[in-house]
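Participant: For reference, the sequence and a predicted model appear below.
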Amino acid sequence: MQNLSLFEDENPQSPLQRARFLVDQLNQWAHAYYVMDSPLVPDSEYDKLYRELTDLEEKYPDLQLPDSPSKRVGGAPLSHFEQVAHRVPMLSLGNAFEPEDVHAFEKRIRDLGDLQADKPIEFAVDPKFDGLAISIHYERGVMVRAITRGDGMTGEEVTANVKTIRNLPLILSSPNPPEFLEVRGEILMYREDFVRMNQRQADAGLKIFANPRNASAGTIRQLDPRIAASRPLRFFCYGAVIDRDQQKKLKTQSALMAWLAQLGLPVSSLSQTAVSASGLLDYYQRIGEQRKNLPFEIDGVVYKVNAFDLQDQLGYVARAPRFAIAHKFPPDEVLTRLINIEVQVGRTGSITPVAKLEPVKVGGVTVSSATLHNLDEIQRKDLRVGDQVLVRRAGDVIPEVLPFEGNVRPEISLPFYMPTACPVCGSALMKEEDGAVLRCTGGFSCRAQLTQSIIHFASRKAMDIEGLGDKIVETLVDKGLISNPADLYKLQFDELVQLERMGEKSVNNLLESIQKSKNATFARFIYGMGIRQVGEATARDLAQHFKTLDALIGATESALLEVNDVGPVVAQSILEFFADTRNLDVLNGLMAAGVVWETEAPVAALDENHPFYGKSFVLTGTLEKLSRDEASALIVAKGGKVIGSVSKKTDFLLAGSAAGSKLQKAEDLGVKILSELEFETLLG
């Protein structure tokens with residue numbers, strides 16, 4: 001096999017010159033096909049030149065040019081993805097849902113920017129792609145790295161997979177490219193490409209994807225780049241990280257997008273500019289009307305202040321820009337039929353009715369079932385088997401089943417009634433005092449309750465048994481290998497290795513994790529027992545207060561009520577749990593298996609003058625230095641309280657990156673918002 005230096009031959013007939021011609025010609029044709037949607041030649045002509053190029057590269061291995069289309073076929077499988085910190089965090093955006101939210105957004109900009117009421121504000125407006133956010137780095141015009149968004153601070157390097165995307169230039173179209181350029185955008189699939197790919201997957205007996213977004217995300221996280229190369233991914237950029245000098249030169253977001261397009265980067269033709277809130281709402285309406293006819297999925301539009309100097313003046317709040325916002329489309333609603341109502345048994349025995357639906361695609365996801373919550377909800381909506389119903393889904397929200405006004409119901413239609421016995425174990429059902437929830441009294445003898453209880457016991461915030469997934473727990477229960485949490489510590493290698501998909505290495509790792517979980521904390525142990533009404537915070541308070549399991553088991557109602565945030569309902573749940581001899585048997589089994597913990601350290605006297613004392617906190621987003629559990633523990637240690645939702649009574653919102661709707665609600669209610677740095681400063 002011959003080798004050839006890229007610099008040794010300037011003859012026009014040389015392999016190097018021929019390779020350069022072939023690469024340029026093929027890339028021109030690919031750009032016309034994938035970016036401009038305007039093919040210049042038949043596929044057969046492209047394939048002929050492509051084969052000539054690959055033959056040439058095989059004959060001269062040193063010849064392969066950095067922008068050769070052969071680089072898009074994928075290389076050897078990777079062993080893992082490297083975690084990479086973003087040079088500049090990939091921030092989330094605040095959300096708007098109603099027209100008044102958009103007017104409020106413009107008013108905030110005008111107030112914060114100290115702009116006169118009659119001074120128009122220009123915005124850059126773009127579709128909000130429903131795909132996978134990505135950061136792509138170019139050095140001297142050559143693509144060198146691609147990093148997923150991750151948690152906004154750190155992502156995964158997926159360069160090998162991203163290089164396979166056909167409409168993404170591997171070399172920028174510029175004789176004088178910037179020394180370094182970080183482009184940000186979205187990876188997605190066109191609807192038609194997605195359908196064709198799913199058909200190929202089905203024909204080959206492979207996984208069928210639920211929607212283009214999941215397919216795109218799943219493809220980029222494949223360890224084998226050849227899989228990514230076989231799938232029809234596309235890329236659109238929506239911005240770039242540029243320095244101050246470049247900002248001064250370009251001046252606006254729209255100019256930046258035009259410059260990126262000149263470099264050969266794919267930019268949506270839907271990107272425009274608009275003036276004032278009325279212009280934004282006009283754009284939103286026009287894109288909404290086009291939405292179903294677009295080749296790709298979008299879930300809203302994005303508004304950004306166009307002028308960079310005004311962007312800088314507005315700045316950021318809680319790691320989200322003040323100068324940009326995402327205006328989401330309303331929830332999707334699709335008509336389908338309610339073909340059955342089944343009941344499911346939860347971890348604590350709660351009986352939940354579930355709607356079984358004729359499968360229908362809502363918001364890009366196929367929905368075939370949805371919770372109906374309880375009998376009161378079914379009766380309030382007057383839902384019956386056979387009804388035509390509406391299924392509503394917004395983003396990742398759980399699908400909701402609604403009555404359809406045009407439903408025609410046959411005369412023989414009957415209302416739904418809850419069962420009188422557990423559908424899994426046949427045990428009696430007990431109605432709670434409020435009458436809304438029925439519970440199975442079977443406890444661990446109920447296979448459904450047992451399975452969910454073991455899953456909860458092994459979860460990360462409880463005993464943290466890594467490798468004990470839902471499917472393995474279901475198998476262990478079905479095979480009769482476990483009948484309560486204590487049985488986990490009796491599992492043997494010979495039993496587990498015989499299970500499907502359990503190799504020797506997996507079994508050894510699982511047994512090691514089970515043994516490791518024996519050294520828990522008292523708070524994790526209490527939480528893992530799954531006592532109704534007892535969450536993480538209450539478990540932590542109980543552990544601090546009672547110190548030992550014997551003391552907790554023997555506690556009276558009055559003793560329990562002395563614990564922070566334990567009221568009569570929670571106290572009654574705890575008393576009922578320890579009054580059940582089946583639960584005591586499990587506890588004895590766990591102690592006999594060697595589950596231990598260190599005595600909880602005594603709580604120091606609280607400083608009533610500390611800024612956190614007596615204050616309520618809500619946490620949202622991803623923190624950089626602390627986990628949310630660690631931040632919660634620090635708040636509680638200073639006399640504060642962590643709650644789940646924002647209200648007028650909330651004192652502080654601690655917001656990390658990728659903060660969601662809680663941040664928007666806190667801003668609307670005037671709740672004090674803390675960044676992680678401000679939190680650390682107040683904490684002292």
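Facilitator: Thanks, I have the structure now.

Participant: what packs against the longest helix seen in the chain?
Facilitator: Taking DSSP state H as the criterion, the chain has its longest helix at helix 15-34. When contacts are defined as 3 or more Cβ pairs under 8 Å, 6 or more residues apart in numbering; DSSP states H and E, helix 15-34 sits against helix 43-59. (Glycine included, C-beta is placed from N, CA and C.)

Participant: Mind giving me the packing neighbours of the helix it packs on?
Facilitator: Using 3+ Cβ pairs under 8 Å, 6+ apart: helix 43-59 touches helix 15-34.

Participant: Averaged pLDDT, the longest helix of the chain. What do you get?
Facilitator: On average, the pLDDT along helix 15-34 is 82.

Participant: Could you list the low-pLDDT ranges of the stretch 1-150 of the chain?
Facilitator: Counting by pLDDT under 70, the low-confidence segments of the stretch 1-150 of the chain come to 1-13, 33-39, 43-44, 71-79.

Participant: Please repeat the previous calculation with a cut-off of 80.
Facilitator: The stretch 1-150 of the chain contains residues with pLDDT under 80 at 1-13, 30-39, 41-47, 50-51, 61-64, 66-67, 69-80, 114, 116-118.

Participant: what ranges do the strands span in it?
Facilitator: Using DSSP state E, counting those that start in this stretch, the strands of the stretch 1-150 of the chain run over 83-85, 94-96, 122-129, 132-139, 142-148.

Participant: who wins for proximity to residue 476 among these?
Facilitator: strand 83-85 (32.6 Å; Cβ to Cβ).

Participant: so how far is that closest one from its chain's centroid?
Facilitator: 18 Å (Cα atoms, centre = their mean, to the nearest Å).

Participant: Adjacent strands (with direction) for that strand?
Facilitator: Looking at strand 83-85 with DSSP bridges, its partner strands are strand 154-156 (antiparallel).

Participant: what's the next secondary structure element after the partner strand?
Facilitator: Note on strand 154-156: by DSSP states H and E, the next helix or strand toward the C-terminus is helix 159-162.

Participant: Can you tell me what sits against that next one?
Facilitator: Under the contact criterion Cβ atoms under 8 Å, 6 or more residues apart in numbering, helix 159-162 has outside partners 74-75, 78, 134, 136, 143-146, 168, 187, 219-222, 225, 228, 235.

Participant: 6 Å instead?
Facilitator: Applying Cβ atoms under 6 Å, 6 or more residues apart in numbering, the contact partners of helix 159-162 are 75, 145, 146, 220, 225, 228.

Participant: Buried subset of these as a ChimeraX selection?
Facilitator: Selecting only the buried members of these in ChimeraX, with burial defined as 16 or more other Cβ atoms under 10 Å, works like this:
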select :145,146,220,225,228
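
Participant: Quick one: the contacts of helix 159-162 as TSV, columns for distance to residue 630 too.
Facilitator: Converted to TSV, these look like this (distance: Cβ to Cβ, whole Å):
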residue	distance to residue 630
75	40
145	31
146	31
220	30
225	37
228	36
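
Participant: For the stretch 151-300 of the chain, which segments are assigned as helices?
Facilitator: Counting by DSSP state H, counting those that start in this stretch, the stretch 151-300 of the chain has helices at residues 159-162, 191-203, 212-220, 225-229, 244-250, 253-262, 276-290.

Participant: Among the ones you listed, single out whichever gets nearest to residue 628.
Facilitator: helix 212-220 (23.2 Å).

Participant: Can you list the low-confidence ranges for the stretch 551-684 of the chain?
Facilitator: Ranges of the stretch 551-684 of the chain meeting pLDDT under 80: 564-565, 598-606, 621-622, 624, 627-629, 637, 644-645, 657-661, 664, 684.

Participant: how about a cut-off of 70?
Facilitator: In the stretch 551-684 of the chain (pLDDT under 70), the answer is 599-605, 658-661.

Participant: Quick one: residues contacting residue 462.
Facilitator: 524, 527, 528.

Participant: burial count for the first one?
Facilitator: Same thing as residue 524. 21 (other Cβ atoms under 10 Å).

Participant: In which helix or strand does it reside?
Facilitator: Element membership of residue 524, judged by DSSP H and E, is helix 522-528.

Participant: Quick one: mean pLDDT for the helix or strand that comes right after that helix?
Facilitator: Next helix or strand after helix 522-528 toward the C-terminus (DSSP H and E): helix 536-546. Mean pLDDT, helix 536-546: 87.

Participant: low-scoring pLDDT stretches of the stretch 251-400 of the chain, where are they?
Facilitator: 318-319, 331, 363-364, 394-397.

Participant: let's go with 80 and repeat that
Facilitator: Ranges of the stretch 251-400 of the chain meeting pLDDT under 80: 317-320, 330-333, 363-365, 393-398.

Participant: which residues sit in contact with the residue nearest to residue 82 when sequence neighbours are not counted?
Facilitator: Among residues not flanking residue 82 along the chain, residue 157 sits closest, at 4.5 Å (Cβ to Cβ, 6 or more residues apart in numbering). By Cβ under 6 Å, 6+ apart, the contact set of residue 157 is 81, 82, 84, 147.

Participant: can you rerun that using 10 Å?
Facilitator: Going by Cβ atoms under 10 Å, 6 or more residues apart in numbering, residue 157 touches 78, 80, 81, 82, 83, 84, 135, 137, 145, 146, 147, 148.

Participant: Out of these, which comes closest to residue 510?
Facilitator: residue 80 (20.5 Å).

Participant: Do I have it right that that closest one meets residue 156?
Facilitator: Yes - under the criterion of Cβ atoms under 10 Å, residue 80 makes contact with residue 156 at 9.0 Å.

Participant: quick one: which of these two has more around it?
Facilitator: Higher neighbour count among residue 80 and residue 156: residue 156, with 16 against 8, using other Cβ under 10 Å.

Participant: any idea how far the nearest residue to that one once chain neighbours are set aside lies from residue 148?
Facilitator: Leaving aside its sequence neighbours, residue 156 sits nearest to residue 81 (Cβ to Cβ, 6+ apart; 3.9 Å). With the distance defined as Cβ to Cβ, to the nearest Å, residue 81 ends up 8 Å from residue 148.

Participant: So the two - more neighbours on which side?
Facilitator: residue 148 (24 against 19).

Participant: Quick check, pLDDT for the closest residue to that one other than its chain neighbours.
Facilitator: The shortest distance from residue 148 to any residue other than its chain neighbours is 4.1 Å, reached at residue 155 (Cβ to Cβ, 6+ apart). Listed pLDDT for residue 155 reads 88.

Participant: Quickly list what residue 155 is bridged to.
Facilitator: Here residue 155, judged by DSSP bridges, has bridge partners residue 84.

Participant: Am I right that it is in contact with residue 87?
Facilitator: No - when contacts are counted by Cβ under 10 Å, residue 155 is not listed as touching residue 87 (11.2 Å).

Participant: Identify the contacts common to those two.
Facilitator: Residues touching both residue 155 and residue 87 by Cβ under 10 Å, 6+ apart: 135, 147.

Participant: which of the strands of the stretch 1-150 of the chain is buried the deepest?
Facilitator: For these, the stretch with the most neighbours on average is strand 122-129, a mean of 23; neighbours defined as mean count of other Cβ atoms under 10 Å.
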